[in-house]
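[1] Sequence and predicted model, in that order:
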Amino acid sequence: MINSTARLDDTGDADVAIAAARAGAEAVRARYGQRLTRMDKGAGDFATDADVAAEAAILDVIRAARPQDAVLGEEGGQQGAADAVRQWLVDPLCGTLNYAVGNMLVAVNVALRNGPAAVADPFSGEVFFTDGEAAWVRSDEGDTRLAPTAATRLVDVNLDPPFPSAPGFRTVDLLAHPGFVERFRPRVVSTTLALAWVAAGKRAAYVTDGGDLAGNLHFAAGIALCRAAGCVVTGVDGAPVGQGGEADRSGQAGRGLVAAADAETHSLLMSMICSRG
């Protein structure tokens, strides 16, 4: 744990990830409710000056602690060699549209590729983090080990296009499956904070369509948390997915994402997904 006298360059990568995520969260929280400048990205996507400020705060921490490391940021793009051994993946404000309309469901994601990661909730003050082997949440009460459970029966689904797995599978089709509505309760939050909730036992699972999300800066920190907490993580096609981009025996990496609290929940969801194909 970082204290007021510790130097970040003398601490571990998990502490750097936590400090960076907290810095980004502070920038996000400070601008909440203010008039925001929007920068159009096309196809209905946009960033705000809060996204930019949060990324700048995160980069300040990483550069001070790990000046030789490369960074891939949502707003600033690639800094340093793209094939660097050490690369930080930064999503400074996941849930920009939520944030822009006054919804507090957002996350700040910081991950060292194939290593420690942190996800900060700017408004609860919680920081979910992993050292690459285990996962915890840090709050005012201290650090608590994450313990996934499917007890809530809540499943977050991402319904945003594009739908690269269509027509074989679209996340929205899952909602019409009789077994799904019998066993689970869907939620839509439109932020990868939902992955931290799966790791923490606040959600039973999270499902999204998509391409190969391995190393994706939006998902890297959440995937790292879920894996370290002991969740079952695959693509919607059942193939492995993760920060390292590991593939199944055929050499195919998973597409999309199914992150479940336990093997039973994952198996149930996969049976429903496969039956839609």
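    Perfect, thanks for sending it.
[2] Am I right that residue 183 is in contact with residue 271?
    No. Residue 183 lies out of contact with residue 271 (Cβ atoms under 8 Å); the separation is 10.7 Å. C-beta coordinates here come from the backbone N, C-alpha and C atoms, glycine included.
[3] Mind checking which of the two has more residues around it?
    More neighbours surround residue 183 than the other of residue 183 and residue 271, with 16 against 11 (other Cβ atoms under 10 Å).
[4] And that one, how close does it get to residue 176?
    The gap separating residue 183 from residue 176 is 14 Å, by Cβ to Cβ, to the nearest Å.
[5] ok, now residue 185?
    14 Å.
[6] Can you give me the buried ones in the one helix or strand residue 172 maps to?
    Using DSSP states H and E, the secondary-structure element containing residue 172 is helix 171-174. Within helix 171-174, the residues that qualify as buried are 171, 173-174, counting by 16 or more other Cβ atoms under 10 Å.
[7] and if you look at stretch 186-198?
    186, 189-198.
[8] average pLDDT across that stretch?
    For stretch 186-198, mean pLDDT rounds to 94.
[9] Stretch 157-174 too?
    Per-residue scores along stretch 157-174 average to 84.
[10] before we move on, what about stretch 209-219?
    On average, stretch 209-219 scores 86.
[11] Would you state the helices of the chain in chain order?
    13-31, 49-65, 96-100, 171-174, 178-183, 193-200, 220-229, 263-275 (DSSP state H).
[12] Those helices: which one's closest to residue 89?
    helix 220-229 (4.4 Å; Cβ to Cβ).
[13] pull the CA atoms of that closest one into PDB?
    Provided in PDB are the C-alpha atoms of helix 220-229 (Å, rounded to 0.1, in the frame of the first residue of the first chain):
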ATOM      1  CA  ALA A 220      -8.000  -5.200 -20.100                       C
ATOM      2  CA  ALA A 221      -8.300  -4.100 -16.500                       C
ATOM      3  CA  GLY A 222     -11.700  -5.700 -16.000                       C
ATOM      4  CA  ILE A 223     -10.600  -9.000 -17.500                       C
ATOM      5  CA  ALA A 224      -7.500  -9.000 -15.400                       C
ATOM      6  CA  LEU A 225      -9.600  -8.500 -12.200                       C
ATOM      7  CA  CYS A 226     -12.000 -11.300 -13.200                       C
ATOM      8  CA  ARG A 227      -9.300 -13.800 -13.900                       C
ATOM      9  CA  ALA A 228      -7.400 -13.000 -10.700                       C
ATOM     10  CA  ALA A 229     -10.600 -13.300  -8.700                       C
END
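[14] how far off helix 193-200 does that helix point, in degrees?
    Helix 220-229 runs at 10 degrees relative to helix 193-200, counting by axes from the mean of the first three to the mean of the last three Cα atoms, to 10 degrees.
[15] for helix 220-229, packing partners?
    Under the contact definition 3 or more Cβ pairs under 8 Å, 6 or more residues apart in numbering; DSSP states H and E, helix 220-229 sits against strand 87-94, strand 107-112, strand 117-120, strand 127-130, strand 135-139, helix 193-200, strand 232-234, strand 257-260.
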